[in-house]
Structure formats: C-alpha cells, structure tokens
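[1] Pasted the sequence and its predicted model underneath.
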Amino acid sequence: MHVRRRAPLEEWDRIRAGGDRCWIGIGRAAAVVQPPGHDAPAVVLLNPRITECSSDADEQYEGYLSFFDVRGMVPRPLWITVETTTLEGQPVTTTYERGLARLIHHEIDHLDGLLCTARMRLDVAPVPVEQYRQTGRAWAYEQ
C-alpha cells in the first residue's frame with residue numbers, strides 16, 4: 001500500500017501495517033507476519049479476528065515504528081486462536097503460541113488501530129530504546 005499523504009506519527013503504524021479497518025473505511029484487513037527462522041513460511045492474515053486466547057499471559061518488550069525511540073512492556077496471552085480467510089475466501093482457524101502468538105496479536109492490533117500503549121499497564125511507562133538495549137532481553141518462553 002503506497003500512501004502519499006502526510007500523517008501524524010500515531011497514524012504511521014496503521015499505514016505501514018496495511019491500513020486498519022476503521023482508519024481507511026473499509027471492512028477488510030490484511031497483514032503478513034514473517035516468523036523467525038530461515039524455513040518458516042510467512043503467515044498471511046486476511047480479515048483476522050482473535051476468537052480465543054489463554055488466560056495465562058506474559059509481558060515482553062515491544063516496539064513500533066511510530067515510536068522508534070522507545071519500547072514498552074506489553075502483556076499478551078501465551079496463545080491465541082485466530083480466524084482468518086484464505087485467498088479463496090474460505091475461513092481458517094489456527095492457534096498460535098508464545099512468540100508467534102505475540103507477533104500475530106501485535107499485527108492484528110495494528111489492523112484494529114491499537115498501539116502498544118493501549119495494551120501496556122497504566123503503571124508502566126515506555127523506556128528509551130537505549131535503556132531497552134541494555135536489558136539484553138530477547139523474548140523468552142519456557143519450553
């Protein structure tokens with residue numbers, strides 16, 4: 001999607017992620033998530049909707065291009081079930097776990113017009129990226 005109009009910083013995530021349903025005014029949404037790993041196939045999300053999620057959650061640092069100089073601790077469920085549509089128009093339901101669940105939930109938030117600050121606990125403030133880098137913390141999940 002190419003956008004030539006200037007937009008406030010808080011709108012750039014929605015543009016970069018493919019546009020969110022409410023912002024561009026149509027009932028369609030699409031995102032592509034590339035999981036880590038050389039052989040991992042991309043996850044294509046067409047009109048995704050989270051239908052179920054675990055009650056167990058964890059908090060990990062996340063960032064957004066809109067807020068390139070900060071990171072925030074965002075709680076997310078350890079697994080989510082997502083209903084999406086294939087290119088042929090057929091509904092598909094898939095359950096994602098841990099890091100991939102976090103990535104997909106993050107992108108669905110983009111499509112729904114939510115930034116990480118909407119998910120952060122009220123008593124937790126974003127940290128400068130320099131402080132985040134000093135944590136040395138990658139997302140970690142127990143096996």
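    Cool, the structure landed.

[2] Give me the sheet partners of the lengthiest strand in the chain and which way each runs.
    Ranked by residue count and defined by DSSP state E, the top strand of the chain is strand 67-77. In the sheet, strand 67-77 lines up against strand 57-64 (antiparallel), strand 127-128 (antiparallel) (DSSP bridges).

[3] next SSE after that strand?
    Sequence-wise, the next helix or strand downstream of strand 67-77 (DSSP states H and E) is strand 79-85.

[4] what's the angle from that next one to strand 57-64?
    50 degrees (axes from the mean of the first three to the mean of the last three C-alpha atoms, to 10 degrees).

[5] Packing partners of strand 79-85?
    Contacts defined by 3 or more C-beta pairs under 8 Å, 6 or more residues apart in numbering; DSSP states H and E place strand 79-85 against strand 43-46, strand 49-53, strand 91-97, helix 98-111. C-beta here means a position set from N, CA and C on the backbone, and glycine is covered the same way.

[6] CSV please, covering those and showing distance to Trp79.
    Shown next, in CSV, are the helices and strands packed on strand 79-85 (distance: least, C-beta to C-beta, whole Å):
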stretch, distance to Trp79
strand 43-46, 14
strand 49-53, 7
strand 91-97, 5
helix 98-111, 5
